[in-house]
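1. Pasting the sequence and the predicted model now:
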Amino acid sequence: MAFLAKHRKEELIALAEDMGIEISPTDKKIDICKKIKESPDFEEEFVRGCLEDIVKQREAEAAELKTQREAEALREEREFELEKIRLSNAAEINSVGSARSESVRPRRELRNLMQKYDGQVADISLYLSMFERQARTAEIEESEWVSQLMALLPLDLAQIIIKEPEDKMQDYLHIKGVLLERFKMKPEPFRVKFTQHQRKSGELWKELIFELRNYLEGWIDGVKVNDFETLNYLMITDQLKRRVSPEV
């Protein structure tokens with residue numbers, strides 16, 4: 001029974017439970033050893049093997065607990081350092097802000113200036129053009145355009161933006177391209193809209209001009225027109241295509 005006495009009480013209790021031996025809360029270590037020894041299921045080699053497994057399990061659990069505690073301590077330390085940085089930055093911003101409070105305008109939210117996008121009634125390319133115009137008028141930094149735009153989009157479109165790579169999520173031109181691609185707004189649809197778009201009843205002429213300019217820009221940007229000569233060629237080619245019989 002000497003080998004039993006070398007083990008911890010909690011290890012002996014675990015062994016006794018595995019062997020179906022009833023242990024009283026008042027039992028001392030020597031009492032538990034005696035009950036194990038007197039058990040009809042006691043076989044020394046078997047008991048040694050069981051205790052080895054119990055010890056290994058206890059050591060593994062202890063190691064895991066230690067790792068968890070170290071990770072938790074590291075996490076708390078990092079959070080503490082981050083909080084220090086946040087507080088330091090906040091204090092610096094407040095200091096600068098108080099010195100320039102009279103000259104700094106409050107941040108403007110485009111959701112207070114524009115209606116949310118409704119795909120049933122609005123053309124995505126026109127909506128993005130109006131968004132860009134409003135953003136420039138409000139003097140909003142382009143680095144903030146994507147976050148401002150997301151507040152104006154329905155959930156399904158906002159989710160498309162969220163799925164983009166993190167390094168692209170604040171790139172407005174990239175996000176604009178993704179949205180136009182989602183609505184299949186390639187050069188040909190822009191060309192068709194430019195050549196066939198009509199003024200709606202009650203619409204101002206300046207609104208029609210804005211819409212036509214948007215479709216034209218979408219068309220020529222899509223086919224990479226960067227100079228007058230290329231634009232000239234594009235317009236003549238388009239006119240020829242519309243005048244020549246499809247059979248030719």
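-> Nice, I can see it. Predicted model, so just to flag it, every value in this text is computed and none were measured. Residues are numbered from 1 along each chain as shown.
2. Outline the domain layout of the protein.
-> With domains defined by the TED database, the chain comprises 4-62, 110-183, 187-243.
3. want to try CSV for those, with mean pLDDT and mean neighbour count as columns?
-> Where you see a C-beta, it was placed from the backbone N, CA and C, and this is true even at glycine. Formatted as CSV, the domains of the chain follow (pLDDT from 0 to 100; neighbours: other C-beta atoms under 10 Å):
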stretch, mean pLDDT, mean neighbour count
domain 4-62, 83, 14
domain 110-183, 84, 15
domain 187-243, 68, 13
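4. List just the one of these that sits closest to residue 78.
-> Nearest to residue 78, of all the domains of the chain, is domain 110-183, at 19.9 Å by C-beta to C-beta.
5. Figure out how far that closest one is from the centre of its chain.
-> Mean-position distance between domain 110-183 and its chain equals 16 Å (C-alpha atoms, centre = their mean, to the nearest Å).
6. coming back round to it: would you list the domains of the chain in CSV and tack on distance to residue 87?
-> Compiled in CSV, these are given as follows (distance: least, C-beta to C-beta, whole Å):
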stretch, distance to residue 87
domain 4-62, 37
domain 110-183, 24
domain 187-243, 46
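7. Show me where the protein has its helices.
-> Counting by DSSP state H, the segments of the chain that form helices are 2-5, 9-18, 29-38, 44-99, 124-137, 145-150, 155-162, 172-182, 187-196, 205-222, 228-243.
8. could you list every residue that touches the closest residue to residue 32 other than its chain neighbours?
-> Taking C-beta to C-beta, 6 or more residues apart in numbering as the measure, residue 32 lies nearest to residue 12, with 4.6 Å between them; neighbours along the chain are not counted. Residue 12 sits next to 4, 29, 32-33, 36 when contact means C-beta atoms under 8 Å, 6 or more residues apart in numbering.
9. possible to save the helices of the chain as JSON lines with distance to residue 115?
-> Output for these, formatted as JSON lines (distance: least, C-beta to C-beta, whole Å):
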{"stretch": "helix 2-5", "distance to residue 115": "80"}
{"stretch": "helix 9-18", "distance to residue 115": "68"}
{"stretch": "helix 29-38", "distance to residue 115": "77"}
{"stretch": "helix 44-99", "distance to residue 115": "32"}
{"stretch": "helix 124-137", "distance to residue 115": "9"}
{"stretch": "helix 145-150", "distance to residue 115": "13"}
{"stretch": "helix 155-162", "distance to residue 115": "15"}
{"stretch": "helix 172-182", "distance to residue 115": "17"}
{"stretch": "helix 187-196", "distance to residue 115": "21"}
{"stretch": "helix 205-222", "distance to residue 115": "15"}
{"stretch": "helix 228-243", "distance to residue 115": "34"}
